[in-house]
Each structure stands twice: as structure tokens, then as C-alpha cells.
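K.L.:
Okay, sequence plus prediction incoming.
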Amino acid sequence: MRDPEATLRQHDLPVTAQRIAVLRAVSGHPHATADDLAESVREDIGTISRQSVYNVLNVLTDKGIIRRIQPADSPARYEDRIGDNHHHLVCRACGKTEDVCCAVGEAPCLKAHSHHGFKIDEAEVIYWGTCPACQKKKRS
């Protein structure tokens with residue numbers, strides 16, 4: 001995130017040290033959990049409660065500044081890569097998460113075969129597998 005202060009102002013949010021620190025943490029640690037982000041924020045600004053970090057993450061998510069992804073049976077993770085058509089690759093063993101660009105290059109996922117009257121505005125594709133590090137551990 002280039003300018004957290006400008007981003008907050010563009011979304012009519014008060015600029016606070018906590019919000020700036022959370023935005024920096026999300027930008028610096030894509031796909032981190034709230035607890036991981038809280039640790040990063042503490043290193044940046046000192047003391048902050050886990051609940052305060054959750055509150056900021058919820059506000060930023062609600063405003064569309066960041067995105068929450070929640071793979072099945074995993075804690076929510078946060079990223080600031082929004083507005084493009086990308087998916088995620090998640091390691092079943094360690095939970096490592098990586099971005100994967102859409103193979104088609106557009107949003108074909110939004111064109112469901114049957115939409116049942118829904119107006120689809122987002123699709124989430126998660127690929128599951130085993131990351132190289134966990135594959136290596138398994139072979140050892």
C-alpha cells in the first residue's frame with residue numbers, strides 16, 4: 001500500500017496510528033492471520049490489543065480496502081490485493097497461501113452456469129495442495 005493515509009481518507013475513515021499500522025502490516029505480510037498481523041503491528045507501534053486489530057481489520061474489509069479470505073478449516077487471512085481476478089493456492093500441511101492469477105485472464109468465474117437469480121459480484125477459487133517445503137519434508 002503506497003499511501004495508507006490517503007487510502008483511509010479516500011474511504012472517509014479517520015487516519016489513526018492503528019489503522020496505518022494495520023494497513024502496513026497487511027501490505028507487508030499478505031495472507032497473514034489476524035494474530036500474525038497483531039504481532040507485526042505491535043512491533044511497529046508498540047502495544048495494541050488483539051481485539052483492536054480485529055476491529056480495524058473488520059472496518060478495512062467492510063470498506064473494501066483489504067480482502068478477507070477464509071479457506072475451509074483455516075483462520076481468516078488478509079490481503080490488500082483487491083479488484084483483480086486472482087485466486088489462491090493453499091498448502092494443506094502448513095497453510096501457506098499464495099496468489100494465483102486467473103488462467104483465463106478475466107473473470108469467467110462470475111459467469112455461473114446457473115445463477116438462481118443471484119447477481120454475482122465475486123467468486124473465490126481456492127486451489128489446495130502441498131507446498132514445495134512440505135513436499136520436501138514428506139520425502140525426508
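P.N.:
Received it, and whenever you're ready, just let me know what you need.

K.L.:
Only C-alpha atoms from now on, for both contacts and neighbour counts.
P.N.:
Will do.

K.L.:
Run a quick neighbour tally on residue 62.
P.N.:
For residue 62, the count of nearby residues is 12 (other CA atoms under 10 Å).

K.L.:
per-residue pLDDT, it?
P.N.:
With respect to pLDDT, residue 62 scores 97.

K.L.:
What values do phi and psi take at it?
P.N.:
Here is the backbone geometry of residue 62 (degrees, to the nearest 10): phi -60, psi -30.

K.L.:
Can you give me the buried ones in the helix or strand hosting residue 55?
P.N.:
Following DSSP states H and E, one finds residue 55 within helix 50-62. Along helix 50-62, these residues count as buried under the neighbour rule (16 or more other CA atoms under 10 Å): 50, 53, 54, 56, 57, 60, 61.

K.L.:
Next secondary structure element downstream of that helix?
P.N.:
According to DSSP H and E, the helix or strand after helix 50-62 is strand 67-69.

K.L.:
Report all helices and strands that that following strand contacts.
P.N.:
strand 77-79 (3 or more CA pairs under 8 Å, 6 or more residues apart in numbering; DSSP states H and E).

K.L.:
Go ahead and name everything in contact with the strand it packs on.
P.N.:
26-27, 29-34, 66-70 (CA atoms under 8 Å, 6 or more residues apart in numbering).

K.L.:
Distance from the chain centre to the helix or strand that it is followed by, please.
P.N.:
Downstream of strand 77-79, the first helix or strand assigned by DSSP H and E is strand 86-91. The chain centre lies 11 Å from the centre of strand 86-91; the measure is CA atoms, centre = their mean, to the nearest Å.

K.L.:
Show the subsequent helix or strand relative to strand 86-91.
P.N.:
strand 97-101.

K.L.:
Could you name the helices and strands sitting against that next one?
P.N.:
strand 86-91.
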